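>>> got a predicted structure here, sequence first:
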Amino acid sequence: MSAAPMHGLEARSRADDHAALRLWLRMLSCVNEVETEIRRRLRERFDISLPRFDFLAQLHRWPEGLRMNELSARLMVSGGNVTTLTDELEREGMVTREQNPNDRRAWIIRLTPAGRRRFDTMAREHERWVLELFEPLDPQTMKQLYQQLGVLRHRFLGTEAANGT
C-alpha cells in the first residue's frame, strides 16, 4: 500500500522529521479535511454553517436551555458571537430567548419544537457523514486511536487516562 499524497499542513513534514511532528501534522490535516467536508455538506444540504450547527447541538443536549454565558463557554466563542447567533436563530424560529427567573440579567436559550425537529434531521445526517468519512478505518483501529488520543488529551488536562476514555 502506498502512502497518501502529502497535501496541506502535512506537506510540511519530511521522512526524517520526528515521528511526533509527522503525526501532529497528519492529525491536523485529517481534522481540517474532515471539518471542511462537514462544513460543505451542512451548507449544501441544510444551508447552515458549522458554528450554527454546533450552537444548536449544544442546545439539543440541554433541553432545559442554557444561559448565554454557558453557551459561550461550551462553544469557546465570545459572548458577542453567541448573541449574534441567538439573534439570527431566534428570527428563524429555531430558538427562544427567555429571561432567567433567578437572574434578571441573564437569558436562557432553548430550541423551539421546530428547531428541535430540524436539528434532529441534521444530526442524523451529520452522524451518517461522520460514519462514512471514517469508514476506511476498521473498528479496532478506531478504538485504539480513541484510547491513545485519550491518553494524550489527559496529559494536557493533568489527569490520568482511564481505559476506554
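Yes, it's here.

>>> which neighbours does the top strand by length along the chain have in its sheet, and in what orientation?
Across the chain, the longest stretch assigned as strand under DSSP state E is strand 103-111. Strand pairing for strand 103-111, using DSSP bridges, gives strand 66-67 (antiparallel), strand 95-100 (antiparallel).

>>> neighbouring contacts of that strand?
Strand 103-111 is contacted by residues 56, 59-60, 63-69, 71, 86, 94-100, 119 when judged by C-beta atoms under 8 Å, 6 or more residues apart in numbering. Using the backbone N, CA and C atoms, a C-beta is placed for each residue, glycine as well.

>>> tell me which of the strands paired with strand 103-111 is the most buried.
Mean neighbour counts were taken over the strands paired with strand 103-111 using mean count of other C-beta atoms under 10 Å, and the top value, a mean of 19, falls to strand 66-67.

>>> roughly how far out does the longest helix seen in the chain sit from the chain middle?
Longest helix in the chain, counting residues (DSSP state H): helix 19-46. Centroid separation for helix 19-46 versus its chain: 11 Å, with C-alpha atoms, centre = their mean, to the nearest Å.

>>> can you dump the C-alpha atoms of the helix or strand following it in PDB for me?
Sequence-wise, the next helix or strand downstream of helix 19-46 (DSSP states H and E) is helix 50-61. Extracted C-alpha coordinates of helix 50-61, given in PDB (Å, rounded to 0.1, in the frame of the first residue of the first chain):
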ATOM      1  CA  LEU A  50     -20.900  24.700  11.200                       C
ATOM      2  CA  PRO A  51     -21.000  27.300  14.000                       C
ATOM      3  CA  ARG A  52     -24.800  27.400  13.800                       C
ATOM      4  CA  PHE A  53     -24.900  23.600  13.800                       C
ATOM      5  CA  ASP A  54     -22.700  23.500  16.900                       C
ATOM      6  CA  PHE A  55     -24.800  26.100  18.600                       C
ATOM      7  CA  LEU A  56     -28.000  24.000  18.000                       C
ATOM      8  CA  ALA A  57     -26.200  20.800  19.100                       C
ATOM      9  CA  GLN A  58     -25.400  22.400  22.500                       C
ATOM     10  CA  LEU A  59     -29.000  23.400  23.000                       C
ATOM     11  CA  HIS A  60     -30.100  19.900  21.900                       C
ATOM     12  CA  ARG A  61     -28.100  18.400  24.700                       C
END
